[in-house]
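Visitor: Whatever this is, show me its structure:
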Amino acid sequence: MTIAIHVADLTRRFGDLVAVDRINFEIVQGEIFGLLGPNGAGKTTTLAMLSTMLEPTSGAAQIMGIDIKKDQDGVRKAIGIVFQDQSLDEELTAWENMDFHGRLYRIPRETREQRIDELLNLVELFDRRNDIVKTFSGGMRRRLEIARGLLHHPAVLFLDEPTLGLDPQTRNHLWKYIEDLAKEKNITIILTTHYMEEADRLCDRIAIIDHGKIIALDTPARLKESIGGDVVTIQSPDTSKISTALSVPWIKRLETHDGEVILTLENAEQHLSMIVTRLNEEKVSITSISVHKPTLEDVFLSFTGKTIRDEDISRKDAMRMHFRMMRH
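Guide: Model prediction:
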């Protein structure tokens, strides 16, 4: 088993702000590894350090055995990166964007042209290779960026919010490409995402990061199992009364959030009638009540106290904020 990424006590400070706080993890070759967290949690800063765009304050990391501090050129040759913000030249064609990238990496012409054709076929853009990028849809641009990131045969691919803003059909299409890259090409992928379904489907393991620290790291299945039992969500204008009404031992956890009370318990269906009876006895108004198995959204809420829906800040604004900070 080859370790593709090794991170040890990696830390980054911006003045008094600790953006990334002594994080540790390893990623094996061919694995899809997800970073989940609220805006400002440290996801983008972590990717920036691993891709050598930002020097760590302390700690260490290696990409395919190459030290990110001692051999930045070596790291850059080993990785590809697809940013959250588009970085294509809209006035060039798809083929010209690929060719320019290949020249930057000094890929010989014959090899470069062969790889461009192969990759444009891979992402189903070969027939549009001579079209100007500004005529492309959002999904086509993301596919082209992924193809460009693979042009120099990277062993590791960084994807920062790869399907942000895309429609569900295009998102599913891109998921298939990402899965195939890991399985068929043995490329190691580390991605950030705020789509729980995306993380659940794609990631072999997920690290939840908050306030610069990794607070949970495991497979999606084990993370969901860590919640335990079933999840009951109660919508009510009287949330403050529910915790008192439902102070019973068979409810493992009770959390109030945004007009909802979220309960965790075993065999929820068997207890549902008792829950409703107790709330009626306390004259608690119930808008709706639902039961489901734990999801990654529940895991995220459990560990961070937030839901992804709380993240109302524009992600583009958040990215620009990170890069403004990096300049200082």
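Visitor: for this protein, which spans come out with low pLDDT?
Guide: Low-confidence segments of the chain (pLDDT under 70): 308-328.
Visitor: care to break it down by domain?
Guide: Using automatic domain parsing, the domains assigned to the chain come out as 3-223+314-326, 229-293.
Visitor: Report the distance from the first one to the chain centre.
Guide: Read that as domain 3-223+314-326. Mean-position distance between domain 3-223+314-326 and its chain equals 10 Å (CA atoms, centre = their mean, to the nearest Å).
Visitor: quick one on the thing from earlier: ok, which of the domains of the chain comes nearest residue 306?
Guide: Of all the domains of the chain, it is domain 3-223+314-326 that lies closest to residue 306, at 5.5 Å by CB to CB. For the C-beta atoms, the positions are set from N, CA and C on the backbone; glycine is no exception.
Visitor: where along the stretch 151-300 of the chain do the strands fall?
Guide: Under the criterion DSSP state E, counting those that start in this stretch, strands of the stretch 151-300 of the chain are mapped to 156-160, 188-192, 205-210, 213-218, 230-235, 251-257, 260-265, 288-292.
Visitor: how far away is residue 66 from residue 177?
Guide: According to CB to CB, to the nearest Å, residue 66 and residue 177 sit 26 Å apart.
Visitor: quick one, which of those two is more surrounded?
Guide: With neighbours defined as other CB atoms under 10 Å, residue 66 and residue 177 compare such that residue 66 has more, 19 against 16.
Visitor: Tell me which residues touch that one, please.
Guide: With contact taken as CB atoms under 8 Å, 6 or more residues apart in numbering, residue 66 is in contact with 74, 75, 78.
Visitor: The last one against residue 152, yeah?
Guide: No. With the criterion set as CB atoms under 8 Å, residue 78 and residue 152 do not qualify as a contacting pair; they are 9.3 Å apart.
Visitor: quick one on the thing from earlier: mind checking which of the strands of the stretch 151-300 of the chain is nearest residue 135?
Guide: strand 156-160 (24.0 Å).
Visitor: That closest one versus strand 188-192: what angle between them?
Guide: Taking axes from the mean of the first three to the mean of the last three CA atoms, to 10 degrees, one finds strand 156-160 and strand 188-192 inclined to each other by 10 degrees.
Visitor: So what are the sheet partners of strand 156-160 and their directions?
Guide: strand 79-82 (parallel), strand 188-192 (parallel) (DSSP bridges).
Visitor: where do the helices sit along the stretch 1-150 of the chain?
Guide: In the stretch 1-150 of the chain, the segments counted as helices under DSSP state H, counting those that start in this stretch are 43-50, 72-78, 94-104, 109-122, 138-149.
Visitor: For residue 104, the count of nearby residues, please.
Guide: Residue 104 sits with 10 neighbouring residues when counted by other CB under 10 Å.
Visitor: So it versus residue 156, what's the distance?
Guide: Taken as CB to CB, the span from residue 104 to residue 156 is 18 Å.
Visitor: just residue 187 next, same as before
Guide: Residue 187 sits 7 Å away from residue 156, going by CB to CB.
Visitor: ok, now residue 223?
Guide: 23 Å.
Visitor: more crowded one of the two?
Guide: More crowded of residue 223 and residue 156, by other CB under 10 Å: residue 223, with 27 against 22.
Visitor: Let me know whether that one touches residue 216 as I believe.
Guide: Yes. The pair residue 223 / residue 216 is scored as a contact, 6.2 Å apart, by CB under 8 Å.
Visitor: List the residues that are in contact with both of those two.
Guide: Common neighbours of residue 223 and residue 216 (criterion: CB under 8 Å, 6+ apart): 206, 208, 299.
Visitor: Those into JSON lines, with extra columns for neighbour count and distance to residue 31?
Guide: Formatted as JSON lines, the shared contacts of residue 223 and residue 216 follow (neighbours: other CB atoms under 10 Å; distance: CB to CB, whole Å):
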{"residue": "206", "neighbour count": "27", "distance to residue 31": "11"}
{"residue": "208", "neighbour count": "24", "distance to residue 31": "17"}
{"residue": "299", "neighbour count": "25", "distance to residue 31": "19"}
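Visitor: Show the end-to-end separation of stretch 100-119, please.
Guide: End-to-end distance for stretch 100-119: 15 Å, by CA to CA, to the nearest Å.
Visitor: Check what contacts that stretch and list those residues.
Guide: The contact list for stretch 100-119 (CB under 8 Å, 6+ apart) reads 77, 89, 92, 95, 98-99, 126, 129, 147-148, 150-153.
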